[in-house]
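Undergrad: For reference, the sequence and a predicted model appear below.
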Amino acid sequence: MRLFKHWQKRYRSLDPRLNLPTKLTILRIGLCPIFFILLMVDHLSARLAAFILFVVAAISDAYDGYLARKEGQVTEFGKIIDPIADKLLTTVAFIGFYLLGYVPIWIVAVILVREYFITLLRTVGIFKGVIIAADQWGKYKTIAQMTYIITQLVYINLILILHELNWTASPEFDYSVMILLTVMLYSALILTLGSGLNYLIHNRHLVRELFHG
């Protein structure tokens, strides 16, 4: 109850105005379902569009944060919505890869539970006036996830391009790519878990606040 009242007070202090960085963040959220739908369409033009949309969304993620800091437009609302937008983008990508048979469901579940729990923890911190900044491990995790997702999208499109040309990739090529993608996926998984554990260790007080109020 004490935590709820504190959140209610902090919520009223959120700036409702939407500056450019926040608008870019909201745009990124809007791109997520479009990306997912395009990814699910088994056609080269749709998958290529999905790849382009993801890259654009990833670039906007880096740019809106840079712009907010440069122009002094960092808001409490932006601090809450930006990580949510990031997680939605990776969520639809990993769920899409699971549905296409590229990623096991347990890996998707582990990554998503970690991502949304840490996002919840950071939101608690914001309402408590505590900023949980992304540390080096968190940045490595983000790079690993984005690198894997983009590489997987490139491979998906490459297979369709070869099919359009009536070409077939050699078994050696397929095997090499599968090894590469597997290494990248498990590297992202390890960094996701490691960075999440690091957040929990360094923010134990917020975890207690979350569960005990």
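TA: Sure, I can see it. Keep in mind it's a predicted model, so treat the numbers as computed, not measured. Residues are numbered from 1 along each chain as shown.

Undergrad: which parts of the longest helix seen in the chain are buried?
TA: Secondary structure of the chain read by DSSP state H shows that its longest helix is helix 171-202. Buried residues in helix 171-202, counted by 16 or more other C-beta atoms under 10 Å: 177, 181, 184-185, 187-189, 191-192, 195-196, 198-199. All C-beta atoms are positioned from the backbone trio N, CA, C, and that covers glycine.

Undergrad: Likewise for stretch 92-101?
TA: Val92, Ala93, Phe94, Ile95, Gly96, Phe97, Tyr98.

Undergrad: Which secondary structure state does Tyr102 sit in?
TA: Put simply, Tyr102 is coil when judged by DSSP: H, G, I helix; E, B strand; the rest coil.

Undergrad: Could you report the separation of it from Asp174?
TA: Applying C-beta to C-beta, to the nearest Å, the value for Tyr102 to Asp174 is 13 Å.

Undergrad: Contacts only, for Val74.
TA: Pro21, Ala68 (C-beta atoms under 8 Å, 6 or more residues apart in numbering).

Undergrad: coming back round to it: got JSON lines for the buried residues of stretch 92-101, with distance to Asp86 and pLDDT too?
TA: Listed next are the buried residues of stretch 92-101 as JSON lines, based on distance: C-beta to C-beta, whole Å; pLDDT from 0 to 100:
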{"residue": "Val92", "distance to Asp86": "12", "pLDDT": "96"}
{"residue": "Ala93", "distance to Asp86": "11", "pLDDT": "97"}
{"residue": "Phe94", "distance to Asp86": "13", "pLDDT": "98"}
{"residue": "Ile95", "distance to Asp86": "15", "pLDDT": "97"}
{"residue": "Gly96", "distance to Asp86": "16", "pLDDT": "98"}
{"residue": "Phe97", "distance to Asp86": "17", "pLDDT": "98"}
{"residue": "Tyr98", "distance to Asp86": "19", "pLDDT": "98"}
